[in-house]
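Colleague: Just the structure for this:
(one chain, ligands or ions: 1)
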Amino acid sequence: MALRLIQGGRASDGLPGLLVEHAAEVVTMAGGMRTGARMDDPALLAAPGGDAGHETAPAVACWEGRIVAAGPHDELLRALDGSGYPIARFARLDAAGGTVTPGLIDPHTHLLFAGTREAELVLRQRGADYLEILQAGGGILSTVAATRAASEEQLADHGRRWLTEMLSHGTTTVEAKSGYGLDLPTELRLLEVAHRLGKEGPVDVVPTWLGAHAVAPEFRARPDGTEAYVRYLIEEQLPGVVAQGRARFADVFCERGVFSPEQARRILAAAARLGLPSRLHADELAPSGGAELAAELGAMSADHLAAPSPAGIDALAAAAGAGRPVVAVVLPATTWFLMHEEVAPARTFIDRGIPVALATDFNPGTSPTPSLPLVMTVACLSLKLTPSEALAAVTINAAAALGLAEDVGSIEGGRQADLAVWAVPSHRQIPYWPAADLVRAVVKRGKVVLERAPA
Ligand SMILES: [Zn+2]
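Modeller: Next comes the predicted model:
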């Protein structure tokens with residue numbers, strides 16, 4: 001299929017309205033963040049017998065960037081015309097018997113970096129692990145060196161390229177962490193570029209400060225290096241980041257051998273006092289107290305969770321039960337790419353009422369994929385999520401992980417009109433065709449920003 005990116009968005013032919021019609025299925029994800037058995041309920045509108053030309057086949061109406069309503073085609077048109085939305089003022093987008101979903105949301109990426117690390121794939125095949133590569137001065141520190149040397153324009157060009165790639169896989173909102181600078185000027189540059197790319201659009205970008213991604217190289221030779229870096233983060237880097245005003249969240253890599261729960265608590269508490277809600281890289285490689293800390297702090301999300309302790313799972317379940325849910329952002333492409341056998345116990349999370357989201361973890365070392373549909377496939381195969389659960393995890397639950405569930409992640413009246421149109425008749429086929437280009441069109445804020453001609 002020929003991919004056409006539409007500069008600035010097709011302004012719905014100058015019209016305020018957009019009607020997406022002739023869908024076999026519209027997945028609304030209406031009704032808010034999902035937990036437990038509700039994760040498997042995508043709140044579908046389906047055409048009778050799959051006939052997308054039927055008068056009751058589902059359609060979605062958007063007006064000036066927001067969703068007005070979704071419902072049976074002819075009934076929706078009559079309701080619009082009778083409610084001050086003249087049908088003549090709607091451009092039409094033909095879903096051509098495909099599936100319409102909310103635009104996908106990627107709630108954990110390291111979008112901005114310089115350099116690549118393909119050599120580590122071969123090192124890992126020979127048995128080297130993440131911390132061994134790190135201690136040898138490779139891994140994240142090689143990315144830090146390349147990123148510090150990159151200009152704002154180089155980082156922006158890189159970001160644009162990969163945001164376009166993400167958009168072509170249906171993603172309309174992306175969280176982007178700093179954390180490859182580890183010094184104040186580079187961290188500020190990364191956050192500024194993330195903010196700027198979101199302003200440019202069409203993909204919304206949510207910047208997160210991750211100064212505590214690793215101990216900066218200039219602190220590593222010192223015997224008290226980690227502790228000195230933590231003090232530097234709290235006393236110098238964080239105030240600079242807050243003064244800049246671009247970061248929306250603070251994140252810490254809480255892991256044995258990186259930052260302890262006690263250090264993470266101090267950094268995140270200081271950030272919270274300055275208005276930045278918490279997220280956590282928690283228990284990626286070993287039970288490290290990260291899940292427990294995320295529950296204690298009331299973090300927005302606890303991410304990775306490939307190796308949580310039983311007490312950590314209990315803490316997340318208790319927080320969810322008490323109405324203070326911490327979203328478990330699970331990153332199965334990372335464990336897959338690292339060839340790790342231990343994966344996040346996502347089925348246990350769902351059984352225990354913990355909301356689950358999925359993300360790419362897009363980064364140059366451990367998960368270089370920009371594709372959420374591929375992540376959905378891996379989640380179905382390695383975590384045993386159902387296709388409907390996987391889709392909830394990259395739409396409404398991913399929105400909840402970013403505090404955006406009132407605005408994006410579902411197709412409901414009043415929500416931002418972010419939609420993906422897929423060239424398959426059921427959402428269950430999205431993870432079923434791994435690495436196929438299934439996106440037929442993407443709508444962002446009511447404008448068609450990407451369109452592929454049917455094959
Ligand atoms: Zn990460």
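
Colleague: what's the weakest-modelled helix or strand in this protein?
Modeller: Lowest by mean pLDDT, DSSP states H and E among the helices and strands of the chain is strand 3-10, with a mean of 50.

Colleague: Could you identify the helix or strand that succeeds that strand?
Modeller: Next helix or strand after strand 3-10 toward the C-terminus (DSSP states H and E): strand 17-21.

Colleague: packing partners for that next one?
Modeller: strand 58-63, helix 73-81, strand 90-94 (3 or more C-beta pairs under 8 Å, 6 or more residues apart in numbering; DSSP states H and E). (Each C-beta comes from the backbone N, C-alpha and C, glycine too.)

Colleague: Quickly note the distance from Glu75 to His54.
Modeller: Using C-beta to C-beta, to the nearest Å, Glu75 is found at 12 Å from His54.

Colleague: Now Thr109. Nearest residue, chain neighbours left out?
Modeller: Spatially, and ignoring its direct neighbours in sequence, Thr109 is nearest to Phe362 (4.1 Å; C-beta to C-beta, 6 or more residues apart in numbering).

Colleague: Tell me the pLDDT of that neighbour.
Modeller: In the prediction, the pLDDT value recorded for Phe362 is 98.

Colleague: Likewise for Leu18?
Modeller: 97.

Colleague: ok, it - how many residues close by?
Modeller: 28 (other C-beta atoms under 10 Å).

Colleague: if I look at the most centrally placed residue in the chain, how far off is Arg273?
Modeller: Nearest to the geometric centre of the chain sits Asp106, at 1.3 Å (C-alpha atoms, centre = their mean). Using C-beta to C-beta, one gets 28 Å for the distance from Asp106 to Arg273.

Colleague: Same check on Ile140?
Modeller: Per C-beta to C-beta, Ile140 is found 28 Å from Arg273.

Colleague: so where's this structure shaky on pLDDT?
Modeller: Across the chain, residues meeting the criterion (pLDDT under 70) sit at 1-13, 136-137, 454-455.

Colleague: how about the residue sitting furthest away from the middle of the chain, phi and psi?
Modeller: Distance from the C-alpha centroid of the chain, by C-alpha atoms, centre = their mean, peaks at Gly82 (37.9 Å). Backbone geometry at Gly82, expressed as degrees, to the nearest 10, gives phi -80, psi 0.

Colleague: Distance of it relative to Val68?
Modeller: Gly82 is 12 Å from Val68, by C-beta to C-beta.

Colleague: now the strands for the stretch 251-400 of the chain?
Modeller: Ranges of strands in the stretch 251-400 of the chain, per DSSP state E, counting those that start in this stretch, are 278-282, 301-304, 327-330, 356-358.

Colleague: how about JSON lines for these, with distance to Ala399 added?
Modeller: Below are the strands of the stretch 251-400 of the chain laid out as JSON lines (distance: least, C-beta to C-beta, whole Å):
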{"stretch": "strand 278-282", "distance to Ala399": "14"}
{"stretch": "strand 301-304", "distance to Ala399": "12"}
{"stretch": "strand 327-330", "distance to Ala399": "10"}
{"stretch": "strand 356-358", "distance to Ala399": "9"}
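
Colleague: Quick one: closest of these to Ala400.
Modeller: Taking C-beta to C-beta, strand 327-330 is the member of the strands of the stretch 251-400 of the chain nearest to Ala400, at 5.6 Å.

Colleague: Which strands and helices lie in contact with the closest one?
Modeller: strand 301-304, helix 346-351, strand 356-358, helix 396-401.

Colleague: and for the shortest one, what are the contacting residues?
Modeller: Taking C-beta atoms under 8 Å, 6 or more residues apart in numbering as the criterion, the residues outside strand 356-358 that touch it are 39, 107, 301, 327-332, 346, 349-350, 372, 375-376, 379, 385, 389-390, 393-394, 397-398, 400-401.

Colleague: buried ones in it?
Modeller: Val356, Ala357, Leu358 (16 or more other C-beta atoms under 10 Å).

Colleague: of the residues you listed, closest to Glu25?
Modeller: Distance to Glu25 across the buried residues of strand 356-358 (C-beta to C-beta) is lowest for Leu358, with 20.4 Å.

Colleague: Could you check how far the closest one is from Arg256?
Modeller: 25 Å.

Colleague: ditto for Ala228
Modeller: Between Ala228 and Arg256 the computed distance is 20 Å (C-beta to C-beta).

Colleague: try Ile354
Modeller: Here Ile354 is placed at a distance of 22 Å from Arg256 (C-beta to C-beta).

Colleague: ditto for Arg196
Modeller: 36 Å.

Colleague: just checking, Ser371 touches His169?
Modeller: Yes - counting by C-beta atoms under 8 Å, Ser371 does reach His169; the two are 4.5 Å apart.

Colleague: which non-adjacent residue is nearest Ala315?
Modeller: Spatial nearest neighbour of Ala315, chain neighbours left out: Ala295 (3.7 Å); criterion: C-beta to C-beta, 6+ apart.

Colleague: Enumerate every residue touching the one you found.
Modeller: Contacts of Ala295 by C-beta under 8 Å, 6+ apart are Ala302, Gly312, Ala315, Leu316, Ala318, Ala319, Val326.

Colleague: Name the member of these that has the highest neighbour count.
Modeller: Counting by other C-beta under 10 Å, top hit in those: Ala302 with 33 neighbours.

Colleague: Could I get the contacting residues of the closest residue to it other than its chain neighbours?
Modeller: Of all residues not flanking Ala302 in the chain, Ala294 sits nearest, at 3.6 Å (C-beta to C-beta, 6+ apart). Shown in contact with Ala294 (C-beta under 8 Å, 6+ apart): Ser278, Leu280, Ala282, Ser301, Ala302, Ala315, Leu316, Val326.

Colleague: pull the CA atoms of stretch 70-86 into CSV?
Modeller: What follows is stretch 70-86 as a C-alpha-only set of coordinates in CSV (Å, rounded to 0.1, in the frame of the first residue of the first chain):
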residue,chain,number,x,y,z
ALA,A,70,-20.5,7.0,17.4
GLY,A,71,-23.4,4.8,16.3
PRO,A,72,-25.4,3.2,13.5
HIS,A,73,-24.8,5.1,10.3
ASP,A,74,-28.2,6.4,9.2
GLU,A,75,-29.5,7.0,12.7
LEU,A,76,-26.3,8.9,13.5
LEU,A,77,-26.7,11.1,10.4
ARG,A,78,-30.3,11.9,11.3
ALA,A,79,-29.3,12.8,14.9
LEU,A,80,-26.5,15.0,13.7
ASP,A,81,-28.8,16.9,11.2
GLY,A,82,-31.3,17.4,13.9
SER,A,83,-28.8,18.8,16.4
GLY,A,84,-27.1,21.6,14.6
TYR,A,85,-24.4,19.5,12.8
PRO,A,86,-25.5,19.9,9.2
